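Q: structure here, sequence nowhere to be found:
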């Protein structure tokens with residue numbers, strides 16, 4: 001029984017590159033190199049043609065590499081599996097090298113990303129989820145309260161503009177920490193020692209969100225003439241800081 005005819009050229013992956021070099025789709029490396037050398041000699045001086053030849057050669061090399069790794073051309077499944085293992089090992093080694101070269105304080109940042117919409121995914125314990133939701137609600141209450149003060153009492157912005165970040169940074173630093181035990185009268189029965197690194201991280205996140213909020217307020221100012229620019233900057237900036245309090249958790253003691 002004769003072998004079935006090869007598929008049309010348009011069906012073969014990268015067919016245009018093989019046609020450019022004048023070689024069959026199953027050409028070996030030596031055939032590709034020979035075709036490239038002959039074509040470069042033939043079209044010496046034609047920059048555009050030489051560029052197309054180099055592009056076709058590079059794309060064929062990429063195709064052959066993919067085929068080798070996937071085991072679809074010229075190698076057995078065992079060789080392809082070994083290639084994939086080596087590639088995975090090299091990727092892991094690169095990741096380890098990058099992680100080792102990255103300062104420790106930078107590596108902490110992704111671990112502090114605790115957005116409120118992922119509470120159910122991040123916390124398996126029901127009590128932890130309840131505490132997180134309570135924290136988010138309180139952050140929203142603080143943000144809404146300060147924004148309302150700025151709307152109805154614009155003259156007090158000079159005072160509350162210092163109070164808002166202080167309240168929010170203190171609140172953010174407490175996120176993720178166990179609640180303070182209370183005595184029989186419902187009052188705090190102990191004083192928690194502050195973790196200054198949590199306050200520093202909280203201040204950093206609030207500063208970044210505040211800068212972003214000021215930029216957004218500047219863009220919104222022409223469309224909101226009912227609010228003074230100073231009011232709008234404070235409201236949007238405070239809203240962004242309150243948002244930061246719901247998506248970042250500097251304290252990592254329980255995670």
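A: Perfect, I can see it now. Owing to the predicted nature of the structure, the values given are computational and were not obtained by experimental measurement. Numbers count the residues shown, from 1 in each chain.
Q: I'd assumed residue 200 was in contact with residue 169.
A: No: contact between residue 169 and residue 200 fails when scored by CB atoms under 8 Å: they sit 9.3 Å apart. Heads up, the C-betas are built off the backbone N, CA and C, glycines and all.
Q: got any residues that touch both of these two?
A: Common contacts of residue 169 and residue 200 (CB atoms under 8 Å, 6 or more residues apart in numbering): none found.
Q: the two: who's more crowded?
A: residue 169 (24 against 14; other CB atoms under 10 Å).
Q: per-residue pLDDT, the closest residue to the more buried one other than its chain neighbours?
A: Using CB to CB, 6 or more residues apart in numbering and skipping the chain neighbours, the partner closest in space to residue 169 is residue 202 (4.4 Å). Residue 202 carries a pLDDT score of 93 in this model.
Q: how much space between residue 202 and residue 20?
A: 59 Å (CB to CB, to the nearest Å).
Q: what does residue 106 give?
A: 46 Å.
Q: over to residue 225?
A: For residue 225, the distance to residue 20 - CB to CB - is 62 Å.
Q: so between those two, which is more surrounded?
A: residue 20 (20 against 8).
Q: burial count for residue 111?
A: Residue 111: 11 neighbours (other CB under 10 Å).
Q: ok, for it, nearest residue in space, not its chain neighbours?
A: residue 252 (6.0 Å).
Q: the one you found - that's part of a strand, no?
A: No: applying DSSP: H, G, I helix; E, B strand; the rest coil, one finds residue 252 to be coil, outside a strand.
Q: surely it meets residue 112?
A: Yes: counting by CB under 8 Å, residue 112 is a contact partner of residue 252 at 7.0 Å.
Q: so these two - more neighbours on which side?
A: The neighbour count for residue 252 versus residue 112, taken as other CB under 10 Å, is higher for residue 112 (19 against 15).
Q: ok, the more buried one to residue 202 distance?
A: Taken as CB to CB, the span from residue 112 to residue 202 is 10 Å.
Q: what do the two both touch?
A: 248, 250.
Q: part of a helix, is residue 45?
A: No: counting by three-state DSSP, residue 45 is not found in a helix; it is coil.
Q: could you say what helices and strands the top helix by length along the chain packs with?
A: Using DSSP state H, we find that the single longest helix of the chain is helix 126-152. On a contact count with 3 or more CB pairs under 8 Å, 6 or more residues apart in numbering; DSSP states H and E, helix 126-152 meets helix 119-122, helix 157-173, helix 229-247.
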